[in-house]
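With the input below, show me the fold.
(one chain, ligands or ions: 1)
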Amino acid sequence: MGHGIAQVFAAAGHTVTVHDRSTEALTTLRQRIGQNLTDLGQDAEAAARVFPVDDLGECLAGADVVFEAGPEDLAFKKELFLQLELLAPRNALLASNTSVIPISRIVEDMRTPQRAMGTHWWNPPYLVPLVEVIKTPSTDAEAAQRMFDLLGAAGKTPAMVEKDVAGFIGNRLQHALWREAVAIVEAGICSAEAVDTVVKASFGRRLAVLGPLENADLVGTDLTLAIHRTVLPEIDGRPGPSPYLEQLVQGGRLGMKTGEGFRQWTPDAQAALRKRVQQHLVAMNKADEEAARGAA
Ligand SMILES: NC(=O)c1ccc[n+]([C@@H]2O[C@H](COP(=O)([O-])OP(=O)(O)OC[C@H]3O[C@@H](n4cnc5c(N)ncnc54)[C@H](O)[C@@H]3O)[C@@H](O)[C@H]2O)c1
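A predicted model of the protein is given here:
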């Protein structure tokens, strides 16, 4: 995620310094970013604006904004944020890319938590537009707005998250859907393949241009209420993960990395799916650009 975030700002004209404890991550940094830009048909020269830096203090010395994308480990992130506030300039914004750890926990020992926040990017950061900007109760509203504006100016689509809740917005919504998807297979209602087909061939098609609440307004809140009265009592409401999912993991069916999860995955099938996702995201971004040009 780190090199992808660096790529976004470099492509937007910023100078970016990157620190990683892995020498390999640093020595391959520019090459990886350059290759991504070339693959996307963008100017690979932007990679020259990214500077790998061995020493954390040196990396942070001139920073206006810092994005942390280290391991998903609370103790690591807490300790790092204490270092960031010591080493980065006093007014620098400090942001964590944690997937699910509440930001308040990460920043709780800081002396200057008002400049700290979450920025939850999506993978790959240079193709998925959204970045959730998460405020903690200590985050200064002006600092969060500064981050929001910076992300927008760099070509991202920011969304402000006013409360620091687990999963923020995107992962809460996404995993509400995944919970029901697993429960449907567990209950023998249909196969895992059929679940994926239903989503991809129906409301999944509309989701990129029609959000759920726009959709509720489109069909009418009265119809939405009637549907909820009938369907919600039937939807899985267990508070923890499904036993079916627990069994998959215990049985070593970990998904693509073991060749089988909910579904079977040959190396060719995995490569084909990854390519399809990449092509789709690129095509969606082109469609967005064309729509914006048409509206201008
Ligand atoms: N991968 C995703 O799809 C995704 C999406 C959104 C958010 N995130 C979050 O972003 C963060 C990074 O995820 P990732 O998938 O890029 O992980 P990753 O393991 O690919 O990268 C982490 C990097 O941190 C470096 N690192 C480890 N310890 C370090 C230390 N002490 N000092 C400096 N560098 C150190 C590693 O060398 C590695 O390059 C996590 O918090 C993750 O939950 C990931």
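
Now do the closest residue to the ligand within the stretch 101-250 of the chain against A141, distance only.
The stretch 101-250 of the chain approaches the ligand most closely through N123 (3.3 Å), counting by Cβ to the nearest ligand atom. To be clear about C-beta, it is placed using only N, CA and C from the backbone, and glycine gets the same treatment. As judged by Cβ to Cβ, to the nearest Å, N123 and A141 stand 28 Å apart.

do D222 as well
Separation of D222 from A141 (Cβ to Cβ): 36 Å.

quick one, which of those two is more surrounded?
A141 (11 against 8; other Cβ atoms under 10 Å).

which residues in the stretch 151-296 of the chain form helices?
Using DSSP state H, counting those that start in this stretch, the helices of the stretch 151-296 of the chain run over residues 170-186, 192-201, 203-207, 212-219, 221-231, 243-250, 267-295.

one step back: quick one: contacts for the residue of the stretch 101-250 of the chain closest to the ligand?
Residues in contact with N123, defined by Cβ atoms under 8 Å, 6 or more residues apart in numbering, are 1, 4.

And the pLDDT for it?
The model reports N123 with a pLDDT of 96.

What residues of stretch 270-289 count as buried?
Buried residues in stretch 270-289, defined by neighbour count with 16 or more other Cβ atoms under 10 Å: 281, 285.

Return it as PDB; C-alpha atoms alone will do.
C-alpha atoms of stretch 270-289 as PDB (Å, rounded to 0.1, in the frame of the first residue of the first chain):
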ATOM      1  CA  GLN A 270      -6.200 -16.600 -10.100                       C
ATOM      2  CA  ALA A 271      -4.100 -14.700 -12.700                       C
ATOM      3  CA  ALA A 272      -7.100 -14.300 -14.900                       C
ATOM      4  CA  LEU A 273      -9.200 -12.900 -12.100                       C
ATOM      5  CA  ARG A 274      -6.500 -10.500 -11.000                       C
ATOM      6  CA  LYS A 275      -6.100  -9.300 -14.600                       C
ATOM      7  CA  ARG A 276      -9.900  -8.900 -15.000                       C
ATOM      8  CA  VAL A 277     -10.100  -6.800 -11.800                       C
ATOM      9  CA  GLN A 278      -7.300  -4.500 -12.900                       C
ATOM     10  CA  GLN A 279      -8.700  -4.000 -16.400                       C
ATOM     11  CA  HIS A 280     -12.100  -3.300 -14.900                       C
ATOM     12  CA  LEU A 281     -10.800  -0.700 -12.500                       C
ATOM     13  CA  VAL A 282      -8.800   1.000 -15.300                       C
ATOM     14  CA  ALA A 283     -11.900   1.000 -17.500                       C
ATOM     15  CA  MET A 284     -14.000   2.500 -14.700                       C
ATOM     16  CA  ASN A 285     -11.500   5.300 -14.200                       C
ATOM     17  CA  LYS A 286     -11.500   6.000 -17.900                       C
ATOM     18  CA  ALA A 287     -15.300   6.100 -17.900                       C
ATOM     19  CA  ASP A 288     -15.300   8.500 -15.000                       C
ATOM     20  CA  GLU A 289     -12.800  10.800 -16.900                       C
END
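
So for it, mean pLDDT?
Rounded mean pLDDT across stretch 270-289 is 94.

Show me the contact partners of it.
Taking Cβ under 8 Å, 6+ apart as the rule, stretch 270-289 contacts 40, 124, 127-129, 208, 256.

Determine which stretch of the helices of the stretch 151-296 of the chain is the most buried.
Highest mean neighbour count of those: helix 170-186, a mean of 15 (counted as mean count of other Cβ atoms under 10 Å).

so what secondary structure elements neighbour it?
In terms of contacts (3 or more Cβ pairs under 8 Å, 6 or more residues apart in numbering; DSSP states H and E), helix 170-186 is packed against helix 192-201, helix 243-250.

would CSV of those helices with mean pLDDT and distance to the ligand be doable?
Shown next, in CSV, are these (pLDDT from 0 to 100; distance: least, Cβ to the nearest ligand atom, whole Å):
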stretch, mean pLDDT, distance to the ligand
helix 192-201, 98, 19
helix 243-250, 98, 18
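
Good, we can wrap up now.
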